[in-house]
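> How does the following fold in three dimensions:
(one chain, ligands or ions: 1)
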Amino acid sequence: MLFVSNEQHHDPAVNLALEEYIFRQLPENNYLLFYINEPSIIIGKNQNTVEEINAEYVKQQGIHVVRRMSGGGAVYHDLGNLNFSFIMKDDGSSFHNFKKFTEPVVAALKELGVEAELSGRNDIQVGERKISGNAQFHSRGKIISHGTLLFNSEMDNVSSALKVNAEKYVSKSTKSVRSRVANITEFLKEPMTIEQFRVKILHSIFAGLDEIPTYKLTDEDWKKVYQLADERYRSWEWNYGRSPEFNMQQRKRIEGAGTFDVRLNVQDGIIKEAAIYGDFFGRGDRNEVAEELVGARYDEQALRELSSSIDLAYYFGPITLEDWMNLLM
Ligand SMILES: Nc1ncnc2c1ncn2[C@@H]1O[C@H](COP(=O)(O)OC(=O)CCCC[C@@H]2CCSS2)[C@@H](O)[C@H]1O
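As a prediction, the model looks like this:
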């Protein structure tokens, strides 16, 4: 197995691009990669992004939202969360075998005095509390099996950023499984930094070797990684647009204006059908507004821009742009 040093990049788009690049482009081998991301939500491949995130909080705190290649639920990362990624050759027996990839990490934790174990699912837990979520992607005889390690993350953000909107959205997307979480620092006898922790896990995984075999990425490699980061992991089409089809329905009473019931069908992130029902004081034909919405991106900025060119008072009576946005998102 070769260790791939990522020179301490913290941008989640770059780190996920690097992981995919190693998987698809580097010579076939077994690789280990670590990465630590700035505050971000990493969404599972088959999830509906808007269903999983607290959009307002995410925007206010400047949290990145990035979709990954592997399945499973949404997790929160920050500089206190260490990710490990095994990118391996696979004879077909590794997929769904989380034990194989979490065991070395569990053993490393044990050396630090942390009694952790793999839960029935894909989590590493200490007692009843989750310290690591794991997911996999496999294709053409290769597998990525990666996991988080909550070392000293901001726990308030973990729960605030991942508020799910179950009442508003209906879809066949993969739902996240909420757990009680804990930071590993809670269980350590001796204090240490996340960098010391990373080095400790690394040496434990490569135990018995005098020197850790390392793959050094070339400038050419990095160029392609950055390109992939831009093309995929920074794109709206991948992070939002790749969500499975969903329906949004929202009923609300707006003081002084009436009751509203907005229904949207969204495919590939684009509004395909829209209907506005309710009892409110507008003179204009509400269907005209519904028609305007069709074809737009289901996205805060796009809908705000579109809506600011609509004479809301004419169609809906005395409502503000904010009221209207709260009906749509
Ligand atoms: N960072 C982190 N680590 C562990 N558990 C977390 C984390 N953030 C949130 N959670 C909890 O897990 C659930 C979601 O659990 P669920 O089981 O639905 O999803 C996962 O675990 C996916 C793990 C993906 C790991 C990848 C590795 C490298 S890039 S991301 C969430 O609602 C929280 O309760």
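
> okay, CA-based contacts and neighbour counts for the rest of this
Noted.

> Provide a list of residues in contact with Gly258.
Gly278, Asp279, Phe280, Phe281 (C-alpha atoms under 8 Å, 6 or more residues apart in numbering).

> In ChimeraX, how would I select the buried members of those residues?
Restricted to buried positions by 16 or more other C-alpha atoms under 10 Å, the ChimeraX selection for the contacts of Gly258 reads:
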select :280,281
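
> where do the helices sit along the stretch 101-250 of the chain?
155-161, 194-205, 219-228, 236 (DSSP state H, counting those that start in this stretch).

> for the first one, packing partners?
The one in question is helix 155-161. helix 55-61, strand 75-77 (3 or more C-alpha pairs under 8 Å, 6 or more residues apart in numbering; DSSP states H and E).

> so which of those is the most packed in?
A comparison of those by mean neighbour count, using mean count of other C-alpha atoms under 10 Å, puts strand 75-77 on top with a mean of 25.

> helices or strands up against the helix or strand following that one?
Per DSSP states H and E, the first helix or strand lying C-terminal to strand 75-77 is strand 81-89. Packing partners of strand 81-89 (3+ C-alpha pairs under 8 Å, 6+ apart): helix 12-25, strand 31-35, strand 142-150.

> Format the helices and strands packed on helix 155-161 as JSON lines; extra columns: distance to the ligand and mean pLDDT.
Converted to JSON lines, these look like this (distance: least, C-alpha to the nearest ligand atom, whole Å; pLDDT from 0 to 100):
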{"stretch": "helix 55-61", "distance to the ligand": "14", "mean pLDDT": "95"}
{"stretch": "strand 75-77", "distance to the ligand": "4", "mean pLDDT": "98"}
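
> And the ones you listed: which comes nearest Ala161?
Across those, Ala161 has its closest neighbour in helix 55-61 (6.1 Å, C-alpha to C-alpha).

> about what we covered before: reformat the helices of the stretch 101-250 of the chain as TSV; add mean pLDDT and mean neighbour count.
Formatted as TSV, the helices of the stretch 101-250 of the chain follow (pLDDT from 0 to 100; neighbours: other C-alpha atoms under 10 Å):
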stretch	mean pLDDT	mean neighbour count
helix 155-161	95	16
helix 194-205	96	16
helix 219-228	98	15
helix 236	98	17
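
> Just tell me which of the ones you listed ends up closest to Asn54.
That would be helix 155-161 among those, by C-alpha to C-alpha, at 5.2 Å.

> Nearest the geometric middle of this protein, what residue?
Ile42 (1.7 Å; C-alpha atoms, centre = their mean).

> List the contacts of it.
Counting by C-alpha under 8 Å, 6+ apart, Ile42 has contacts Val65, Val66, Arg67, Arg68, Ala74, Val75, Tyr76, His77.

> surely the fifth one meets Glu52?
Yes: between Ala74 and Glu52 there is a contact under C-alpha atoms under 8 Å: 6.9 Å.

> Those two: who's more crowded?
Looking at Ala74 and Glu52 with other C-alpha atoms under 10 Å, you find the greater number of neighbours at Ala74, namely 27 against 24.

> what is the spatially closest residue to that one that is not a sequence neighbour paired to in the beta sheet?
Counting by C-alpha to C-alpha, 6 or more residues apart in numbering, Ala74 lies nearest to Ile43, which is 4.4 Å off, once chain neighbours are set aside. Beta-bridge pairing of Ile43 under DSSP bridges involves Arg67.

> Just give me the neighbour total for Ile43.
Ile43 has 28 nearby residues by other C-alpha under 10 Å.

> and it, what does it touch?
So Ile43 contacts Thr49, Glu52, Val65, Val66, Arg67, Arg68, Gly73, Ala74, Val75 (C-alpha under 8 Å, 6+ apart).

> Can you list the residue ranges for strands in the stretch 101-250 of the chain?
Along the stretch 101-250 of the chain, counting by DSSP state E, counting those that start in this stretch, strands occupy 117-118, 123-126, 129-139, 142-150, 169-171, 214-215, 246-254.
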